[in-house]
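> Need the 3D shape of this:
(one chain, ligands or ions: 1)
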Amino acid sequence: MSDQIDVVVIGAGATGLSAAHALQQAGRSVVVLEARERVGGRLWTDEVDGVDLELGGQWVSPDQTELLRVLDELGLETFSRYREGASVYIGISGERRTFEGEQLPVPPAVEKAMVALTDELDELAAQMDPDRPWDAPFAAELDQVSFAAWLADRCDEQEAIDNIAMFIAQAMLTKPAHAFSALQAVQMAASAGSFSHLVDSEFILDKRVVGGLQGVPLALAERLGDAVRLGVDVEKVRWSGTGVEVVAGDLTVSARHLVLAVPPTVVPRIRFEPPLPSAQREAHQHQSFGLVTKLHITYDTPFWREAGLSGTVFSPYELVHEAYDNTNHGDSRGTLVGFISDERVDEVSRLDAEARRTAILTSLAHYYGEQALTPTSYYESDWTSEELGQGAYATSFDLGGLTRFGPRLREPVGPIQIGSSDVAGLGFQHVDGALRVGAELAQHIIATDTREV
Ligand code: FDA
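Numbering: from 1, shown residues only. Coordinates of the predicted model:
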């Protein structure tokens with residue numbers, strides 16, 4: 001067994017590295033144990049067929065002030081997503097329309113209903129502290145009703161319902177709108193500043209990081225140096241009032257505090273002695289990942305630009321419900337990024353690879369035309385089969401879970417602090433939230449630790 005250090009961190013994603021960095025800066029001895037052979041967790045840039053692809057998280061928006069601060073501190077540069085020209089929308093009747101600005105080109109009655117729902121969601125989000133959604137005056141009521149039922153109750157324009165649902169269900173929580181509560185939907189909006197922000201792709205998908213967003217964990221890990229150990233899959237944690245022993249194979253690390261910075265779905269892979277209290281175990285069981293397949297499709301040129309298109313496309317009625325120009329900084333080739341979400345992932349995962357590719361490219365051709373059918377490179381990033389995450393983008397609660405388990409979610413258990421972007425308030429499900437949670441867990445240790453440094 002090793003000598004006791006101050007803090008052991010499990011997980012070298014944005015949360016764990018942000019916690020470790022803050023602790024190291026405060027003079028604490030830290031070791032970070034990461035199961036994978038790389039840092040970054042759900043942030044990963046990799047070269048596929050000669051193209052650098054951001055397989056996980058990639059976008060930065062102006063509300064993500066902690067991420068922007070860290071990018072600045074680490075000296076990482078950003079660039080704007082290509083957005084010149086018209087966007088494309090495919091409506092309920094299958095008709096393709098181009099449009100400029102934020103408002104989708106829908107019939108006047110649908111537009112009116114969408115504006116009313118947007119206003120109502122903005123008002124609810126403004127009344128909520130995203131760190132404490134269970135304290136909102138409407139929390140109990142809205143946590144018992146699904147987002148789909150809530151929308152259907154106040155609107156009879158199906159196309160308006162489908163679009164408003166899309167911006168939270170398919171595009172964010174990656175679950176069908178009947179699978180999470182209206183309260184969880186409002187928290188998603190409040191965590192990004194407002195529902196209007198989620199609808200506005202100019203805002204929410206504003207910038208990318210040159211070289212990829214994995215640059216953040218890579219730069220933090222570089223600062224931490226030898227303190228980060230890769231390929232260490234933690235199996236067991238023994239804990240008491242005075243500290244922890246963390247076990248992975250032959251390695252045992254002894255520390256006075258533990259930061260467990262992994263998604264709630266993978267906490268049960270670790271055996272705790274004694275077991276975690278039932279409140280924590282229940283909370284973890286009621287959080288689950290959505291399903292999303294991120295598509296990376298490269299062409300000889302960004303041909304849509306010549307046709308006056310920005311590359312931004314949406315439709316709740318298409319297999320690929322959203323896609324964007326994702327051409328890398330300084331690259332002459334054109335890359336599209338697209339997403340298939342929730343029940344549509346179930347559908348396509350039943351197809352063999354060739355049939356799936358055909359279905360996906362056909363959906364893209366509905367937006368961009370026939371040229372979309374002949375890419376030079378095609379890649380699907382599938383996070384569902386990752387044992388160390390089990391889905392994307394992040395976890396959310398089932399009906400009633402947020403009010404029932406939320407208040408105890410971030411309570412420490414003896415020397416153990418638990419958190420990830422999945423339990424963030426501001427920046428919920430995003431890297432911004434991961435960095436905030438990491439810093440908060442570190443601050444809690446620094447504030448309660450009596451050891452002199
Ligand atoms: P994360 O899961 O990244 O890290 C946990 C780490 O713990 C992992 O490295 C894992 O290997 C490790 N681990 C687990 N169990 C372990 C064990 N027993 N022992 C040791 N290590 C263990 N966000 C954003 O801001 N903008 C965006 O555009 C997107 N888009 C997006 C797309 C896709 C496809 C994905 C998958 C995700 C996004 N996100 C995003 C979300 C964002 O990437 C995510 O919220 C954060 O990166 C999560 O960081 P965490 O550190 O909290 O968890």
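> Show me which residues of the stretch 101-250 of the chain sit near the ligand.
Neighbours of the ligand within the stretch 101-250 of the chain, by C-beta under 6 Å from any ligand atom: 233-234. Where C-beta positions appear, they are placed from N, C-alpha and C, glycine not excepted.
> Now do residue 286: how many residues are near it, please.
Residue 286: 19 surrounding residues under other C-beta atoms under 10 Å.
> So it sits against residue 399, correct?
No - using C-beta atoms under 8 Å, residue 286 makes no contact with residue 399, being 9.4 Å away.
> and the next element down the chain from the strand ranked longest in the chain?
Selection of the longest strand in the chain by residue count, based on DSSP state E, yields strand 251-260. Using DSSP states H and E, the helix or strand that follows strand 251-260 in sequence is strand 271-273.
> ok, residues contacting that following strand?
Here strand 271-273 makes contact (C-beta atoms under 8 Å, 6 or more residues apart in numbering) with 235-239.
> now for the lowest-mean-pLDDT helix or strand in the chain, which elements pack on it?
Least confident helix or strand of the chain, by mean pLDDT, DSSP states H and E, is helix 201-204 with a mean of 87. If contacts are counted by 3 or more C-beta pairs under 8 Å, 6 or more residues apart in numbering; DSSP states H and E, helix 201-204 sits against helix 195-199.
> How far does the helix it packs on sit from its chain's centre?
Here the centre of mass of C-alpha atoms in helix 195-199, compared against the chain's by C-alpha atoms, centre = their mean, to the nearest Å, lies 16 Å away.
> Ok, stretch 273-291 next?
Distance, stretch centre to chain centre, for stretch 273-291: 19 Å (C-alpha atoms, centre = their mean).
> Give me the distance between residue 22 and the ligand.
Relative to the ligand, residue 22 is positioned 14 Å away (C-beta to the nearest ligand atom, to the nearest Å).
> Return the set of buried residues in the helix or strand containing that residue.
Under the criterion of DSSP H and E, residue 22 resides in helix 14-25. Of all the residues in helix 14-25, those buried under the rule 16 or more other C-beta atoms under 10 Å are 14-24.
> how about residue 451, secondary structure?
coil (DSSP: H, G, I helix; E, B strand; the rest coil).
> Check it and give its pLDDT.
pLDDT recorded at residue 451 is 76.
> on that earlier part again, show me what the helix holding residue 22 is in contact with.
Contact with helix 14-25 is made by 6-7, 9-10, 30, 32, 34, 39-41, 43, 70, 216-217, 220-221, 223-224, 227-228, 259, 261-262, 417, 419-421, 431, 434-435, 437-439, 441-443, 445-446, as judged by C-beta under 8 Å, 6+ apart.
> of these, buried ones?
Among the contacts of helix 14-25, the ones that count as buried (16+ other C-beta under 10 Å) are 6-7, 9-10, 30, 32, 34, 39-41, 43, 70, 216-217, 220-221, 224, 227-228, 259, 261-262, 417, 419-421, 431, 434-435, 437-439, 441-442, 445-446.
> What's the mean pLDDT across stretch 218-227?
Rounded mean pLDDT across stretch 218-227 is 98.
> Next: stretch 87-96.
98.
> Next, the angle from the helix holding residue 22 to strand 251-260.
Per axes from the mean of the first three to the mean of the last three C-alpha atoms, to 10 degrees, the angle that helix 14-25 makes with strand 251-260 is 100 degrees.
> about what we covered before: which ones among the contacts of helix 14-25 are found in strands?
Counted as lying in strands by DSSP E, out of the contacts of helix 14-25, are 6-7, 9-10, 30, 32, 228, 259, 417.
> Now the longest strand of the chain: buried residues?
The neighbour-count check on strand 251-260 (16+ other C-beta under 10 Å) flags 253, 255-260 as buried.
> can you name the two of the residues you listed that are farthest apart?
256 and 260 (14.6 Å; C-beta to C-beta).
> Mind jotting down where the strands sit in the stretch 101-250 of the chain?
207-209, 228-229, 236-240, 243-248 (DSSP state E, counting those that start in this stretch).
> which residues are contacting the shortest one?
Which is strand 228-229. So strand 228-229 is in contact with 12, 17, 20, 31-34, 39, 221, going by C-beta under 8 Å, 6+ apart.
> Quick one: the helices in the stretch 1-150 of the chain, in order.
Secondary structure of the stretch 1-150 of the chain (DSSP state H, counting those that start in this stretch): helices located at 14-25, 65-74, 108-126, 139-143, 147-154.
> Can you redo those as CSV, where the extra columns are mean pLDDT and distance to residue 323?
As requested, the helices of the stretch 1-150 of the chain are arranged in CSV below (pLDDT from 0 to 100; distance: least, C-beta to C-beta, whole Å):
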stretch, mean pLDDT, distance to residue 323
helix 14-25, 98, 25
helix 65-74, 98, 23
helix 108-126, 98, 21
helix 139-143, 98, 31
helix 147-154, 98, 23
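> now check the longest strand of the chain, is it near the ligand?
No - figure legend: strand 251-260 not in contact with the ligand (C-beta under 6 Å from any ligand atom); closest approach 8.7 Å.
> Show me what that strand is packed against.
strand 5-10, helix 14-25, strand 30-33, strand 236-240, strand 243-248, strand 416-418, helix 431-448.
> same thing but at 7 Å, please
Where contact means 3 or more C-beta pairs under 7 Å, 6 or more residues apart in numbering; DSSP states H and E, strand 251-260 is packed against strand 5-10, strand 243-248, strand 416-418.
> nearest to the ligand, of the buried residues of strand 251-260?
Of all the buried residues of strand 251-260, residue 260 has the smallest distance to the ligand: 8.7 Å, by C-beta to the nearest ligand atom.
> distance of the closest one from residue 387?
17 Å (C-beta to C-beta, to the nearest Å).
> what do you get for residue 8?
Residue 8 is 21 Å from residue 387, where distance means C-beta to C-beta.
> Distance from stretch 300-319 to the middle of the chain?
23 Å.
> same deal with stretch 418-431?
Mean-position distance between stretch 418-431 and its chain equals 8 Å (C-alpha atoms, centre = their mean).
> So what touches the longest strand of the chain?
The contact list for strand 251-260, computed with C-beta atoms under 7 Å, 6 or more residues apart in numbering, reads 1-2, 4-10, 16, 19, 31, 33, 232, 237, 243-246, 267, 415-418, 441, 445.
> Stretch 346-363 too?
Around stretch 346-363, the neighbours that count as contacts under C-beta under 7 Å, 6+ apart are 295, 318-320, 340, 372-373, 378.
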